[in-house]
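Student: no FASTA, just this:
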């Protein structure tokens, strides 16, 4: 019997998540004999739980194609982690009720680490609760922290944004450093993994040392060594560019961004890590400095999307449908890097069970190459 | 007798300042019978005072042409304001000594408000100190606060960056607002004039209200009204996007960004205005929020340069040379908007004396149109 399909976006958006949605929808339309309607969840999986489904079959091919180029998450997303089947069976029964009501046999879940965990749980419904469902997880995260896949759709575009911004900011501070700002600090995302901060090294030019210092969540912050390094770079180059990950912690394991400060009324204030670093430099080294916090801009920057990332995002959407049609429940299409000096890639299936609840941090070998991180290793 | 020329960049960079430099250099090469070498000041006017001159005649045409597309300020810039002739005649004599030594008869000064003031002073050397010099000021500022000119080269690109970032950030927070972040705050430059913050309104889409609130330096911040408006927007739209200018002040005339906070060690800390607003929203409304600070990224974003801005930047460079050759000492080429619905423009000369020490703020008529600024007018 022909079944309908359900697609949901999860977690933070990327510059290319809608490219995945678009190619997935277009691919399902090529298999009308096997897949009926494709419903998208309004605000992610909440759309299923609340029975708030968007019938994409009502949209023209031209509309669906144009989705590829749209920023944000067109159907809405959410942060919502399903509990274990044992601890909240009610939630799964609700999901099955909605799926039954709409004859849904395919579930596509497009997200990062938390979503892989949810997809893994949903993939067991079939066996544990007897409802016939093929669940496919589709990778998406600017954090680039999913295991097995060579890279995560969304990351390439964020990396391009960060490298471009680091380069432009570096050229700015360099131009002014003789009489004005000496240090420029750029805060980027990455709570646990330093992939995004590390991507700023792509801004490095011949005969230029910026970015001079990259602070990673994988490496404990050492204030004394850091300040000495900033001083050294300002002395040698006239300026210093620091890229800092939001996830950097001190030796007590505390996020620098969460070191409490009090405002004028005595309220506790959470600052970002960039102003924390800026304040250190102002108070200890007396260098004039500027700081930027990229925040959402780095992950939603559709205008700077990477072509390769865009191609990855579309390919995983298409393969998700292919795997679903083969009944490969509990699978994720991942990017495999092919051998050779020139960058070549393919999509292959990987079991979600091997991906959920793992985290790919920046390998130590990458950190030593990036140098200039004069800190104690964790 | 054939004279050489001196060109200097001043103040903060823009995405298109090198386009002005490039077209100016190329234009001087068309008049080799009248203009000899074009020297650029290393780090702006400091290059003249320190006799640190870059001989651009050594560069190939291809190199000079490629400058047009380069970010930063290629010759270096500075923040350095010449004093009055009466109070520091020594500095002017030094300038004349260096100009004499290098046979410089044309002085091109590429900058914003402070630079117009310096250019005005230098333009009087000829009359007051008897050294024959033709001084041309060339407009450049992301602040868009020079009078007479319809817009300032550099502003269009910054405005495009801000509008693009506001739109992308708005689509991001909108996607997530059901379960996560409700408010996104973007801090932009503009110490005294709100042109940059106002340009975020270009991100407004049909049937969408973001950006919901724009806080301008021209309007006193009213905390109670602001918070009420944020609450209203979150209730009606599910999310709220706030664009805030770094120059916003409270009713006591104090910059919000400079309201002192103490860090954990009791040191005074200067935060940005975005974290200040974020903290207000967290503590008073308990909405989850995200904030970004664009800082240097907005003015150095060559990758998002506006084509019109790029054309303006080149045109003022070319006209600067034309005016110099006509001996129009103390002149600035400005952008004149031509009549008609379609955007058309031309370059015309304006006296620097009418531009220096004036500041073009956002007109009141623009502010009422931008709405949603529920605040007492200054």
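Tutor: That came through, no problem. Owing to the predicted nature of the structure, the values given are computational and were not obtained by experimental measurement.
Student: moving C-terminal of the helix or strand where residue A:280 lies, what's the next helix or strand?
Tutor: Using DSSP states H and E, residue A:280 maps to helix A:273-280. Following helix A:273-280 in sequence order, the next helix or strand is strand A:289-293 (DSSP H and E).
Student: pull the residues that contact that next one.
Tutor: Under the criterion C-beta atoms under 8 Å, 6 or more residues apart in numbering or on different chains, residues A:165, A:169, A:173, A:181-187, A:272, A:274-275, A:277-278, A:281-282, B:272, B:274, B:291-297 lie in contact with strand A:289-293. (Glycine included, C-beta is placed from N, CA and C.)
Student: what does stretch A:96-110 give?
Tutor: Applying C-beta under 8 Å, 6+ apart, the contact partners of stretch A:96-110 are A:3-10, A:17, A:20-21, A:24, A:35-36, A:39, A:45, A:48-49, A:51, A:53, A:115, A:118-119, A:122, A:125, A:129, A:131-138, A:140, A:320-321, A:324.
Student: any of those residues buried? List them.
Tutor: Neighbour counting with 16 or more other C-beta atoms under 10 Å in any protein chain shown marks A:3-10, A:17, A:20-21, A:24, A:35-36, A:39, A:45, A:48-49, A:53, A:115, A:118-119, A:122, A:125, A:131, A:133-138, A:140, A:320-321, A:324 as buried within the contacts of stretch A:96-110.
Student: show me which of the residues you listed neighbour chain B.
Tutor: residue A:9 (C-beta under 8 Å from any C-beta of the partner chain).
Student: and the buried ones among the contacts of stretch A:96-110, which of them are in strands?
Tutor: A:3-9, A:35-36, A:39, A:53, A:134-138 (DSSP state E).
Student: from those, which is closest to chain B?
Tutor: residue A:9 (7.6 Å; C-beta to the nearest C-beta).
Student: residues from the stretch 101-250 of chain A in reach of chain B?
Tutor: So far as C-beta under 8 Å from any C-beta goes, the stretch 101-250 of chain A lies against chain B at A:164-165, A:167-176, A:178-180, A:184, A:186.
Student: if we use 6 Å, what do you get?
Tutor: Proximity of the stretch 101-250 of chain A to chain B is confined to A:164-165, A:168-169, A:171-172, A:175-176, A:178-180 under the rule C-beta under 6 Å from any C-beta of the partner chain.
Student: could you identify the most distant pair in these?
Tutor: The largest separation in those, counting by C-beta to C-beta, is between A:164 and A:179 at 26.3 Å.
Student: which of those two has more neighbours?
Tutor: residue A:164 (21 against 14; other C-beta atoms under 10 Å in any protein chain shown).
Student: report all helices and strands that the helix or strand encompassing that one contacts.
Tutor: In the assignment (DSSP H and E), residue A:164 maps to helix A:155-176. Other elements packing on helix A:155-176 under the criterion 3 or more C-beta pairs under 6 Å, 6 or more residues apart in numbering or on different chains; DSSP states H and E are strand A:183-188, helix A:296-300, helix A:307-325, helix B:296-300.
Student: show me which residues of the last one are buried.
Tutor: What it means is helix B:296-300. B:296-300.
Student: got it, and the longest one?
Tutor: Using 16+ other C-beta under 10 Å as the burial criterion, the residues of helix A:307-325 that qualify are A:308-321, A:323-324.
Student: okay, and for the stretch 251-378 of chain A, where does confidence drop off?
Tutor: For the stretch 251-378 of chain A, the stretches with pLDDT under 70 are A:260-271, A:368-378.
Student: number of nearby residues for residue A:275?
Tutor: 25.
Student: how close does it sit to residue A:162?
Tutor: Distance of residue A:275 to residue A:162, given as C-beta to C-beta, to the nearest Å: 19 Å.
Student: what of residue A:365?
Tutor: For residue A:365, the distance to residue A:162 - C-beta to C-beta - is 21 Å.
Student: okay, those two: which has more neighbours?
Tutor: Per other C-beta under 10 Å, whichever of residue A:365 and residue A:162 has more neighbours is residue A:162, with 30 against 7.
Student: which SSE is immediately downstream of the helix or strand containing residue A:214?
Tutor: Assigned by DSSP H and E, residue A:214 belongs to strand A:213-215. Next helix or strand after strand A:213-215 toward the C-terminus (DSSP H and E): helix A:223-237.
Student: now the helix or strand following that following helix: average pLDDT?
Tutor: Sequence-wise, the next helix or strand downstream of helix A:223-237 (DSSP H and E) is strand A:240-245. Averaging pLDDT along strand A:240-245 gives 97.
Student: check contacts around the residue in the stretch 101-250 of chain A that chain B sits nearest to.
Tutor: Relative to chain B, the nearest point of the stretch 101-250 of chain A is residue A:171 (2.8 Å; C-beta to the nearest C-beta). Contacts for residue A:171 were tallied using C-beta atoms under 6 Å, 6 or more residues apart in numbering or on different chains; they are B:71-72.
Student: switch to 7 Å and redo it
Tutor: For residue A:171, the contact set (C-beta atoms under 7 Å, 6 or more residues apart in numbering or on different chains) comprises B:71-72, B:300.
Student: same thing with residue A:278?
Tutor: When contacts are counted by C-beta under 7 Å, 6+ apart, residue A:278 touches A:185, A:289, A:291.
Student: just give the nearest non-adjacent residue to it, would you?
Tutor: Leaving out its chain neighbours, the residue that sits closest to residue A:278 by C-beta to C-beta, 6 or more residues apart in numbering or on different chains is residue A:291, at 4.4 Å.
Student: count of residues packed around that neighbour?
Tutor: Neighbours of residue A:291 under the rule other C-beta under 10 Å: 25.
Student: beta partners for it?
Tutor: Residues in a beta bridge with residue A:291, per DSSP bridges, are residue A:185.
Student: residue A:250 reaches residue A:221, doesn't it?
Tutor: Yes: at 5.2 Å, residue A:250 and residue A:221 qualify as touching, with contact defined as C-beta atoms under 7 Å.
Student: what sits in contact with each of these two?
Tutor: Common neighbours of residue A:250 and residue A:221 (C-beta under 7 Å, 6+ apart) are residue A:256.
Student: have a look at these two and say which one is more surrounded.
Tutor: residue A:221 (24 against 13).
Student: how far does stretch A:336-356 stretch from start to finish?
Tutor: From its first residue to its last, stretch A:336-356 covers 18 Å (C-alpha to C-alpha, to the nearest Å).
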